[in-house]
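K.L.:
Show me how the following folds:
(chains A and B)
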2 protein chains.
Amino acid sequence: MTVDVFFSPSVVDEGAVEGKTAVVIDVIRATSTVVEALSNGARAIFPTPSTEEAVKLASSLGREDTLLCGERKGLKVEGFDLGNSPSEYTADVVEGKQLVMSTTNGTRAFISAEGADRVLAMSFMNLSAVAEALDGVSDLVIVCSGRENRFSLDDALCAGKLVHLLAERRDEELEFNDGGRVVWDLAAKYSVDAEFLKTTAAGKNLLSIGLEGDLDICAAVDRHALVPEMKERTIALAPGQDRE
Amino acid sequence: MTVDVFFSPSVVDEGAVEGKTAVVIDVIRATSTVVEALSNGARAIFPTPSTEEAVKLASSLGREDTLLCGERKGLKVEGFDLGNSPSEYTADVVEGKQLVMSTTNGTRAFISAEGADRVLAMSFMNLSAVAEALDGVSDLVIVCSGRENRFSLDDALCAGKLVHLLAERRDEELEFNDGGRVVWDLAAKYSVDAEFLKTTAAGKNLLSIGLEGDLDICAAVDRHALVPEMKERTIALAPGQDRE
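P.N.:
I've put the predicted structure just below:
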């Protein structure tokens, strides 16, 4: 199995993902929020690059069943229904709804992976479910969202924990690119918990805007056993997946 | 001391380097070649983004004292005087010459760092000299050239070895960005030698084009005690530096 890990969407071109399965990671917080939202009954999530496009798409979908979600600099966009805290995406808020979501880094990562055969969304919250869903995959690309296209330790650690699980599930050797080797080492060294996340740049940013509570959820490994998949820029439960 | 490490030039904007000292790394091979060339008496090196610009600049400088140097896909550009193998830059070839140099990743990294107060060039070959030259610096940015803007393990390890040396030289704590933490861990784990470089993506590429001999020079830690510095897109020995 080949495993290529990229630390930011800006370096992922068509050639990097073509014919492969892609896993998109944005631990703090887009993919954590996606997992929480789908688990709580959201029907679908539409990642959009800009807040303007989000507003436009939400209007065209009809505002009745649609929530407008997203952040800029970590905080809810003014006039939007929801920000990017997983804890906002409770069943009574999102069940049966479709979510138009614009986040700074996560959306960019999803779009960068569009050329892949399959695009899955992962955070610590659905790590084992994604590892299982990758059984039989021979070429994997992991796209870390990073922060403004820069390396983000939380995403890299999450990628590393995934490749450790893949190694446990398979007899074959994993063939890494340089990025894959680094995340392997990271996962061997660090454990996942909210305290660790607080030491990362993305975690520090949440602390600074008073949202450190989000880190407890983002660090909750295997909180949900579901796999979000994006098709034609719509993220929903992967085929064959049930809501828990 | 703050230490921000970036794994590719594409994420380095003006704001990232302004008011700081930047160290540019392209172990395989641009900064290794720069160090070797200056050590063997080259007067100055002009990094240029494209081969066309390199040809143009070389003509305007006068071809008598100027060598046209550079690679594409690792190999010497057709019609150029030299490729990007440090071993080509011997004293009898480069002494007293100015070099116009176009390399895929290294040039891009130098240009990305231009907004810094100082821009130094480093490889394993002048590691200790650069560490020493950074005494008194309080804000450091390390720009790894990477490969096509992607993470490159050889550059990251070199960055890590530098920060270990800085930590030894200073009483104060180093404050890292997420990238800095990763290179610190890498340097604690891996030793520098040609065998290690062969396992990196850039090293494998050299093997595939028959240039693995370059890796012995690129892995020669502290082969030279000099510090190249770029000013106005001209790389020469830093002020106060003597050729060994």
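K.L.:
List of residues touching stretch A:196-205?
P.N.:
If you take CB atoms under 8 Å, 6 or more residues apart in numbering or on different chains as the criterion, stretch A:196-205 is touched by A:27-28, A:74, A:147, A:152-154, A:157, A:190, A:207, A:212, A:215, A:218-219, B:177-178. Every residue, glycine included, has its C-beta placed from N, CA and C.
K.L.:
From those residues, pick the one nearest B:E64.
P.N.:
B:N177 (45.6 Å; CB to CB).
K.L.:
can you tell me how far the closest one sits from A:A236?
P.N.:
As for B:N177, its distance to A:A236 is 35 Å (criterion: CB to CB, to the nearest Å).
K.L.:
And the two? Which one has more around it.
P.N.:
A direct count of neighbours by other CB atoms under 10 Å in any protein chain shown for B:N177 and A:A236 places B:N177 higher, at 22 against 17.
K.L.:
With A:G180 as the reference, measure out to the more buried one.
P.N.:
Relative to A:G180, B:N177 is positioned 21 Å away (CB to CB).
K.L.:
what does A:R63 give?
P.N.:
Distance, A:R63 to A:G180, by CB to CB: 43 Å.
K.L.:
neighbour count winner among these two?
P.N.:
A direct count of neighbours by other CB under 10 Å for A:R63 and A:G180 places A:G180 higher, at 24 against 12.
K.L.:
And the more buried one, what's its pLDDT?
P.N.:
Note for A:G180: predicted pLDDT of 98.
K.L.:
which parts of the helix or strand where it lies are buried?
P.N.:
Using DSSP states H and E, A:G180 maps to helix A:178-189. The neighbour-count criterion (16 or more other CB atoms under 10 Å in any protein chain shown) identifies A:178-187 as the buried residues of helix A:178-189.
K.L.:
What's the local residue count around A:G213?
P.N.:
A count of neighbours around A:G213, defined by other CB under 10 Å, yields 13.
K.L.:
so who does the residue nearest to it when sequence neighbours are not counted touch?
P.N.:
Spatial nearest neighbour of A:G213, excluding adjacent residues (CB to CB, 6 or more residues apart in numbering or on different chains): A:S87 at 6.8 Å. Going by CB under 8 Å, 6+ apart, A:S87 touches A:36, A:213-214, A:217.
K.L.:
Give the ChimeraX command for selecting the buried subset of those residues.
P.N.:
Those of these that count as buried under 16+ other CB under 10 Å are selected in ChimeraX with:
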select /A:36,214,217
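K.L.:
Let's have the contacts of A:S87 in CSV, adding pLDDT and distance to A:K56.
P.N.:
Shown next, in CSV, are the contacts of A:S87 (pLDDT from 0 to 100; distance: CB to CB, whole Å):
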residue, pLDDT, distance to A:K56
A:E36, 98, 25
A:G213, 95, 32
A:D214, 97, 28
A:I217, 97, 30
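K.L.:
which one of the contacts of A:S87 is nearest chain B?
P.N.:
Closest approach between the contacts of A:S87 and chain B, by CB to the nearest CB: A:D214, at 17.8 Å.
K.L.:
Next one: that closest one from B:L127, what distance?
P.N.:
According to CB to CB, A:D214 stands 40 Å off from B:L127.
K.L.:
quick one: pLDDT of A:P49?
P.N.:
You'll see A:P49 listed with a pLDDT of 89.
K.L.:
Counting neighbours, what do you get for it?
P.N.:
Considering only other CB under 10 Å, A:P49 is surrounded by 14 other residues.
K.L.:
Spell out the secondary structure type for the residue of chain A most remote from its centre.
P.N.:
Distance to the chain centre peaks in chain A at A:D171, reaching 27.2 Å (criterion: CA atoms, centre = their mean). Secondary structure, DSSP: H, G, I helix; E, B strand; the rest coil: A:D171 is coil.
K.L.:
Need the pLDDT of it.
P.N.:
89.
K.L.:
for the residue nearest to A:G213, phi and psi?
P.N.:
Backbone torsions of A:S87, given as degrees, to the nearest 10, read phi -70, psi -20.
K.L.:
So which elements touch the helix or strand encompassing A:V130?
P.N.:
Using DSSP H and E, A:V130 maps to helix A:127-133. For helix A:127-133, the packing partners by 3 or more CB pairs under 8 Å, 6 or more residues apart in numbering or on different chains; DSSP states H and E come out as strand A:118-122, helix A:153-169.
K.L.:
show me what contacts A:N84?
P.N.:
By CB under 8 Å, 6+ apart, A:N84 lies in contact with A:29-30, A:33, A:69-71, A:74, A:76, A:101, A:103.
K.L.:
quick one: which of those residues sit in strands?
P.N.:
Judged by DSSP state E, the subset of the contacts of A:N84 located in strands is A:69-71, A:76, A:101.
K.L.:
any residues touching the worst-scoring helix or strand of chain A on mean pLDDT, and which ones?
P.N.:
When the helices and strands of chain A are compared on mean pLDDT, DSSP states H and E, helix A:14-17 comes out lowest with a mean of 90. Residues outside helix A:14-17 that contact it (CB under 8 Å, 6+ apart): A:4, A:6, A:112-116, A:141, A:143.
K.L.:
Distance check, the residue most central in space within chain A against chain B.
P.N.:
Most central in chain A under CA atoms, centre = their mean is A:T31, positioned 2.6 Å from the mean C-alpha point. Per CB to the nearest CB, to the nearest Å, A:T31 is found 18 Å from chain B.
K.L.:
Hmm, that residue is touching A:L38, no?
P.N.:
No - contact criterion CB atoms under 8 Å: A:T31 and A:L38 do not qualify, at 10.6 Å.
K.L.:
What parts of chain A come near chain B?
P.N.:
Neighbours of chain B within chain A, by CB under 8 Å from any CB of the partner chain: A:5-8, A:10-11, A:148-153, A:156, A:177-179, A:181-182, A:185-186, A:189, A:200-201.
K.L.:
if you set the cut-off to 7 Å instead, what comes out?
P.N.:
Counting by CB under 7 Å from any CB of the partner chain, chain A comes close to chain B at A:6-8, A:10-11, A:149-153, A:177-179, A:181-182, A:185-186, A:189, A:200-201.
K.L.:
ok so, going back, give the buried subset of the contacts of stretch A:196-205 as a PyMOL selection command.
P.N.:
PyMOL command restricting these to the buried ones, with burial defined by 16+ other CB under 10 Å:
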select buried, (chain A and resi 27+28+74+147+152+153+154+157+190+215+218+219) or (chain B and resi 177+178)
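K.L.:
Report the two of the contacts of stretch A:196-205 separated the most.
P.N.:
Pairwise distances across those peak at 23.0 Å for A:G74 and A:Y190 (criterion: CB to CB).
K.L.:
so where's chain A shaky on pLDDT?
P.N.:
A:242-244 (pLDDT under 70).
K.L.:
residue boundaries of the helices in it?
P.N.:
For chain A, the helices defined by DSSP state H occupy A:14-17, A:30-39, A:51-61, A:91-94, A:106-112, A:127-133, A:153-169, A:178-189, A:194-198, A:201-208, A:214-218.
K.L.:
so which of those helices comes closest to B:A131?
P.N.:
Nearest of the helices of chain A (CB to CB): helix A:178-189, 22.8 Å.
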